[in-house]
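Engineer: fold the following and give me the result.
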Amino acid sequence: MIEYVVGSSDQRLMFVQEVVDHFATYRQLRFWQREAGGSLFARFADKLVTVERATGPRPTDQRTRWSYRPDRAAEQNEIDEFHRVGLHFIGTWHTHPERDPSPSGIDLQSIAEAVVRSRHALNGFVLVVVGQRHPMEELFVAACDAAAVYPLARSPVSSPASYQEERRSA
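Structural biologist: Alright, predicted model coming up:
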């Protein structure tokens, strides 16, 4: 589990271990590995947003070493399917072939456009960029609206230091 603090709102964004493991599976550790990505689905309870599912990559996505374009029709089908079981689309994730991940200009433009064109009751969407380090050590996570990107700070409960300590004692 990884948890992030959502600004000064007192809200928290938590990724369950299954989602963290999904991110780790698709890290671009070899020169031939292509970018991967997908959608994020969550449940809301009080001030906690729990990301329970990460989808993708799909066979119909367009993937290269340096780019990822989702199959929008398949993505919409996932949104509809998960909504029927109480999970809400809250954003997207994808990989970058870099140690310390950061979003590209295209990533930022894409998430801002998604916020504008989508029908939803959220203030914005979540953008996750997975780098080469294990997600328990480093992820780029931000809340994004149509105008800006707000990087989120990791909660001390799930800090990289606590993960490394856990690995040493295992």
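Engineer: list the buried residues in stretch 93-101.
Structural biologist: Of the residues in stretch 93-101, those buried under the neighbour-count criterion (16 or more other Cβ atoms under 10 Å) are 93-97, 101. For the C-beta atoms, the positions are set from N, CA and C on the backbone; glycine is no exception.
Engineer: tell me which residues are up against it.
Structural biologist: Outside of stretch 93-101, the residues within contact range by Cβ atoms under 8 Å, 6 or more residues apart in numbering are 23, 26-28, 33, 35-40, 54, 56, 65-66, 68, 102, 104, 107, 127-133, 138-140.
Engineer: and the furthest pair within the buried residues of stretch 93-101?
Structural biologist: Of all pairs drawn from those, the widest gap by Cβ to Cβ lies between W93 and P97 and measures 15.0 Å.
Engineer: ok, G38 touching R58?
Structural biologist: Yes. Counting by Cβ atoms under 8 Å, G38 sits close enough to R58 to count as a contact (7.2 Å).
Engineer: any residues in contact with both of those two?
Structural biologist: 70, 75.
Engineer: before we move on, back to that, now the buried residues of stretch 93-101 in a markdown table, with distance to L87 and secondary structure?
Structural biologist: Compiled in a markdown table, the buried residues of stretch 93-101 are given as follows (distance: Cβ to Cβ, whole Å; DSSP: H, G, I helix; E, B strand; the rest coil):
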| residue | distance to L87 | secondary structure |
| --- | --- | --- |
| W93 | 15 | strand |
| H94 | 19 | strand |
| T95 | 22 | strand |
| H96 | 26 | coil |
| P97 | 29 | coil |
| P101 | 25 | coil |
